[in-house]
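> just the structure for this:
(2 chains)
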Amino acid sequence: MRLAWYNITHDRMRFAVTVLGITCAVFLMIFQGSILLGFLRAASKIIDSTGADLWISGRGVQCFEFAVPIERRFADLARGVPGVSGTSRIVTSLVQFRKIDGSQQQVALIGADVSSGARLPIPQLSGTRLGIMPDALVVDSSNTQILDIPGRLPLEVEINDQRARVVGRTSGFSSFLGSPYVFTSYTDASRYLGLRPDETMFILVQVQPGFAIERVKNELQARLPDVEVSTREEFSHRAEFYWTSQTGAGGAILAAAVLGFFVGLTVVSQAIYSTTMEHIEEFATLKALGATSVYIVRVIISQAMLSGLAGYVLGVLITNPMIRAARPHIPWISTPWWLPVGVFLPALAMCVLASILSVKAAITVEPAKVFRA
Amino acid sequence: MPEHSLAVENASVWFGSGSTRVPALTDVSLQFTPSTLTLVMGPSGSGKTTLLSLLGCLLTPDAGSVFVQGADAALCTAEERSALRRREIGFIFQAFRLFHSLSAIENVVIKSDIAGVGRKDSQKIALDLLVSLGLDGKLHLKPDALSGGEKQRVAIARALISNPKILLADEPTASLDSNAGRQICEILRRLAQDSKRTVVIVSHDSRWSSFADRTVRLEDGRVIDDRRN
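Purely as a prediction, here's the structure:
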């Protein structure tokens, strides 16, 4: 479609504006999509990092961060259910972290049994000297600045006015709540939080190989009606749904991505429509020369697609450095390879949608107009 | 209609509706034969352009018929009339109607592109046509870089690339100086005579009288004179 290409490149300034509009829309869609995906992953990160098949929580608990105490004896009862190979415990709560300069920072303390999962950065899991150190804490590298943790460890700090020691760093556990995650052993966490010995917050259940997880879940739920039993996937999805839908945070991020689409749609519609109207007599000439409506639609859609393609490529190119620049401020931002690929179709759909008005104007133009000088 | 390549029979066209309805053509019947250059003259508002629009299948009559190579255009669908225009009719306009973003040769090739003809073949034909019209040094210039006469010759090449049997020209010399106008008159005269084409020209330009085989005069949408020169 040479005519399409020549039409859009004939007025280079307008072409540049169109491409810029699409570039901004593509960038916004990928960037906001990355924030949304990162937010979703961060919302279920702790749950997904455990090796548990089932989670036992207080009734109505929607996410890991807002736990309520449950009776510890439920772990003993759970181990009596056929198919359960073992249990472990995990607790969490917001606590005060006193930095070396004496100032305080609110953190989300997570304490778990060693058997909760190898991917959880619990100090005892290392198997080295750290494993036997009391009051040991591990923090995420992205939070060392906010927690005022220098390069050399260990570092003496306080948790809820009790002695603690930062002994290691981890990565991939940056919190999306604004309160950094701090990991410790289950025993130390219970002490910092002041939990009674007969209390815990979550019981993690391992199912024996050969037993159906769903069946064991139903059996547990029948025997423990005072708590809620979920598979890890169910609890993970429930947490994602809670943070994205019920807090409005996900809605806001999604709205920004959708807004990007509509901003792009508006800019591209305007640009394509004005290009079409500028060439409307040429479309009348095409019709007079015998062009079918399909031919005219092809010219306009090709114009839109060419602009869309250029805008998409530029949008993807600028997204990568922008996300890198944003990562220190939004460590959990996540751009899987399929996100830019997935934005390709909405970007082209945006351009095609933007052409609708132009197509209507061009195919309804009166061909006899060509005789007017 | 075997002997006529183009004809209108009792054709009437009205514009507007209700109390503002005015006749543009009233009960016009004309036949046009190959190898003939017909000049349609008349004052402004006499219906010349409406007649040309009917003959070019750009308008359908409110009453009567239009025959293009035997096909009744009034009974055709819009897409069928588009096909008639692609195959049978070449247009030349007063305002040239070239595509500003395309070069001279691209402006000619586009008509073949519309008809779905292969690009390689049509470029060769376009090149030959433009060279035969004296534009060999201007093939890749855009319309803005061409003079009025050159633009009109590009438009003639575009009209001819599909080898139509009918050429319709609307004031083809109105935007040209006398020399360029005369050249266009000679080209169209040759196209009627040598290539057995039916050429219909609407013009106020009295220079055409000496080139036309036949002159039709319109007034108030009616044929008031039709004579062979």
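> what helix or strand does the closest residue to chain A within chain B sit in?
Nearest to chain A in chain B, going by Cβ to the nearest Cβ, is residue B:86, at a distance of 3.0 Å. For every residue, glycine as well, the C-beta is placed using N, CA and C. Per DSSP states H and E, residue B:86 falls inside helix B:78-88.
> what's the local residue count around residue 81?
I'll assume chain A. 18 (other Cβ atoms under 10 Å in any protein chain shown).
> you looked at the wrong chain, it should be chain B
24.
> which pLDDT value goes with the residue nearest to residue A:79 when sequence neighbours are not counted?
Spatial nearest neighbour of residue A:79, chain neighbours left out: residue A:87 (5.8 Å); criterion: Cβ to Cβ, 6 or more residues apart in numbering or on different chains. Note on residue A:87: pLDDT of 95.
> ok, which stretches of chain A are strands?
A:54-58, A:70-71, A:84-98, A:104-112, A:136-140, A:155-159, A:162-170, A:181-185, A:199-200, A:202-207, A:227-231 (DSSP state E).
> follow-up on the earlier one: how far away from the center of its chain is the helix holding residue B:86?
Between the centre of helix B:78-88 and the centre of its chain there are 14 Å (Cα atoms, centre = their mean, to the nearest Å).
> helices or strands up against the helix or strand just after it?
With elements assigned by DSSP H and E, the helix or strand that comes after helix B:78-88 is strand B:89-92. Counting contacts by 3 or more Cβ pairs under 8 Å, 6 or more residues apart in numbering or on different chains; DSSP states H and E, strand B:89-92 is packed against helix B:148-160, strand B:166-170.
> pairing partners for strand B:89-92, with directions?
strand B:166-170 (parallel) (DSSP bridges).
> list of residues touching the strand it pairs with?
Here strand B:166-170 makes contact (Cβ atoms under 8 Å, 6 or more residues apart in numbering or on different chains) with A:371, B:5-6, B:32, B:49, B:52, B:55-56, B:68-69, B:88-94, B:159-160, B:188, B:191-192, B:197-203.
> low-confidence ranges, the chain, go.
All of this is about chain A. For chain A, residues meeting the criterion pLDDT under 70 lie at A:124-133, A:372-373.
> was after chain B, sorry
B:1-3.
> middle-most residue in it, spatially?
For chain B, the residue nearest the mean C-alpha position is residue B:168 (1.5 Å; Cα atoms, centre = their mean).
> beta partners of it?
Beta-bridge pairing of residue B:168 under DSSP bridges involves residue B:91, residue B:200.
> what angle sits between the helix holding residue B:86 and strand B:166-170?
100 degrees (axes from the mean of the first three to the mean of the last three Cα atoms, to 10 degrees).
> C-alpha coordinates for helix B:78-88, PDB please?
The C-alpha atoms that make up helix B:78-88 are tabulated as PDB, following Å, rounded to 0.1, in the frame of the first residue of the first chain:
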ATOM      1  CA  ALA B  78     -22.400   0.700  -6.600                       C
ATOM      2  CA  GLU B  79     -19.600  -1.900  -6.800                       C
ATOM      3  CA  GLU B  80     -20.600  -2.800 -10.400                       C
ATOM      4  CA  ARG B  81     -20.500   0.800 -11.400                       C
ATOM      5  CA  SER B  82     -17.000   1.000  -9.800                       C
ATOM      6  CA  ALA B  83     -16.000  -1.900 -11.900                       C
ATOM      7  CA  LEU B  84     -17.400  -0.200 -15.100                       C
ATOM      8  CA  ARG B  85     -15.300   2.900 -14.200                       C
ATOM      9  CA  ARG B  86     -12.200   0.800 -13.700                       C
ATOM     10  CA  ARG B  87     -12.500  -1.100 -17.000                       C
ATOM     11  CA  GLU B  88     -14.300   1.100 -19.500                       C
END
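> which residues are contacting that helix?
Residues from elsewhere that reach helix B:78-88 (Cβ under 8 Å, 6+ apart): A:287-293, B:56-58, B:60, B:68-69, B:71, B:73, B:76, B:91, B:111, B:114-115, B:162, B:164-166.
> now do the contacts for whatever residue of the stretch 101-250 of chain A ends up closest to chain B.
Nearest residue of the stretch 101-250 of chain A to chain B: residue A:250, at 45.9 Å (Cβ to the nearest Cβ). Applying Cβ under 8 Å, 6+ apart, we find residue A:250 in contact with A:36, A:39, A:40, A:243, A:244.
> helices of chain B, residue ranges please.
B:48-55, B:78-88, B:104-115, B:119-132, B:148-160, B:178-194 (DSSP state H).
> my bad, the stretch 201-350 of chain A
Per DSSP state H, counting those that start in this stretch, the stretch 201-350 of chain A carries helices over the ranges A:213-223, A:232-241, A:249-278, A:280-288, A:293-326, A:338-354.
> contact partners for residue A:239?
A:43, A:44, A:47, A:62, A:63, A:64.
> chain B contacts on the stretch 151-300 of chain A?
Neighbours of chain B within the stretch 151-300 of chain A, by Cβ under 8 Å from any Cβ of the partner chain: A:281, A:282, A:285, A:286, A:287, A:288, A:289, A:290, A:291, A:292, A:293, A:295.
> find the nearest non-adjacent residue to the third one, please.
So the one you mean is residue A:285. Per Cβ to Cβ, 6+ apart, closest to residue A:285 is residue B:97, 4.3 Å.
> is it correct that that neighbour is in contact with residue A:287?
No. Counting by Cβ atoms under 8 Å, residue B:97 sits too far from residue A:287 to count as a contact (11.2 Å).
> which of these two has more neighbours?
Shown here are residue B:97 and residue A:287; by other Cβ under 10 Å, residue A:287 has more neighbours (27 against 24).
> that one contacts residue A:367, correct?
Yes. Using Cβ under 8 Å, residue A:287 is in contact with residue A:367, at 3.9 Å.
> how near is the residue of chain A found nearest chain B to residue A:370?
Relative to chain B, the nearest point of chain A is residue A:290 (3.0 Å; Cβ to the nearest Cβ). Between residue A:290 and residue A:370 the computed distance is 12 Å (Cβ to Cβ, to the nearest Å).
> contacting residues for residue B:75?
Contact partners of residue B:75, counting by Cβ under 8 Å, 6+ apart, are residue B:65.
> try it again at 6 Å.
Residue B:75 sits next to no residue when contact means Cβ atoms under 6 Å, 6 or more residues apart in numbering or on different chains.
> buried stuff in stretch B:32-47?
Buried residues in stretch B:32-47, counted by 16 or more other Cβ atoms under 10 Å in any protein chain shown: B:32, B:34, B:36, B:37, B:38, B:39, B:40, B:41, B:42, B:46, B:47.
> right, I'll leave it there.
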